[in-house]
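Visitor: Fold the following, please.
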Amino acid sequence: MEISQWKSVSKWPKKGDEEPAEQQQLDVPYQSLIGRLMYLVQGTRPDITFAANFLSQFTTSFTQQHWNMAKRVLRYLKGTRDTALSFAASGHNIVGYSDASWNEQGLGSSRSGYVFTFAGGSVSWRSCKQSLVALSTCEAEYVALAETMKEGKWIKMFLEELELERYSSGPIRLYCDSQSAIKLMENPVHHQRSRHIALKYLYARNELASSWRTLSTINVLGT
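Guide: Coordinates of the predicted model:
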């Protein structure tokens, strides 16, 4: 692939901008390209996490459209080659951001995503399909919050293992854009909206109420 000859882009395409394509499989290095994108995701490019994770679902059944989308990611990387993670010398707080996409593409499954920053720079991020079928946007956001809290707890323990307790002693601030999911998590009473949610996600509610309070503050993004 002569990537140097491709036109670079610095923005993701809008919904509906995908190029029309035939649906037969091609003889192209799709798996190899996705593997390289996933390598970047693991290291320094959290901004392509969703795209790489989404495209990795089709390594055995990709089509021209998937190949076009993967090349679009490469063009984006070319156009943002100077983008880098940066960290501040002060303000060593752990901050998490959680989000979810309910009923992705109308197929029933939802997607969770989170990113944690430390000293102003991203240190942990993920985009993945949820293992259960959420019945509402609120439930999808709730599941995403629970997964984000688990990662936040691990980050806190990791800093303590490195004897950096001064950076992990305080509560972690977690942001979510779903007020209903926040209220559902803060309410310890089981009711019809939550009684069917798996116990592995309900544990997050106890985490909020525990004396450790790993994630003691949950606010709506922007408030």
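
Visitor: I'd say residue 63 and residue 55 touch.
Guide: No. If you go by Cβ atoms under 8 Å, residue 63 and residue 55 don't touch, sitting 11.4 Å apart. C-beta: built from backbone N, CA, C; applies to glycine.

Visitor: neighbour-wise, which of these two wins?
Guide: The residue with more neighbours, out of residue 63 and residue 55, is residue 55; 22 against 16, by other Cβ atoms under 10 Å.

Visitor: got the contact list for the more buried one?
Guide: Residue 55 makes contact with 34, 37, 62, 66, 69-70, 73, according to Cβ atoms under 8 Å, 6 or more residues apart in numbering.

Visitor: Adding pLDDT, write the residues you listed out as TSV.
Guide: Putting those into TSV (pLDDT from 0 to 100) gives the following:
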residue	pLDDT
34	96
37	96
62	92
66	94
69	95
70	96
73	96
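
Visitor: Can you get me a residue count around residue 56?
Guide: A total of 15 residues lie near residue 56 under the criterion other Cβ under 10 Å.

Visitor: Just confirm it contacts residue 34, I think it does.
Guide: Yes. Look at residue 56 against residue 34 with Cβ under 8 Å: they come within range, at 5.2 Å.

Visitor: and the residue nearest in space to the middle of the chain, what is it in contact with?
Guide: With distances taken as Cα atoms, centre = their mean, residue 113 lies nearest the centre of the chain, 2.4 Å away. By Cβ under 8 Å, 6+ apart, the contact set of residue 113 is 49-50, 98-101, 125-128, 144.

Visitor: How confident was the prediction at it?
Guide: Residue 113 is assigned a predicted lDDT (pLDDT) of 93.

Visitor: what pairs with the helix or strand hosting it, and is each one parallel or antiparallel?
Guide: Assigned by DSSP states H and E, residue 113 belongs to strand 111-118. Here strand 111-118 has these sheet partners by DSSP bridges: strand 94-101 (antiparallel), strand 121-129 (antiparallel).

Visitor: shaky segments in the protein?
Guide: Along the chain, the parts satisfying pLDDT under 70 run over 1-25, 105-108, 188-203, 205-223.

Visitor: domain parsing for it?
Guide: Following automatic domain parsing, the chain resolves into domains at 22-79, 94-220.
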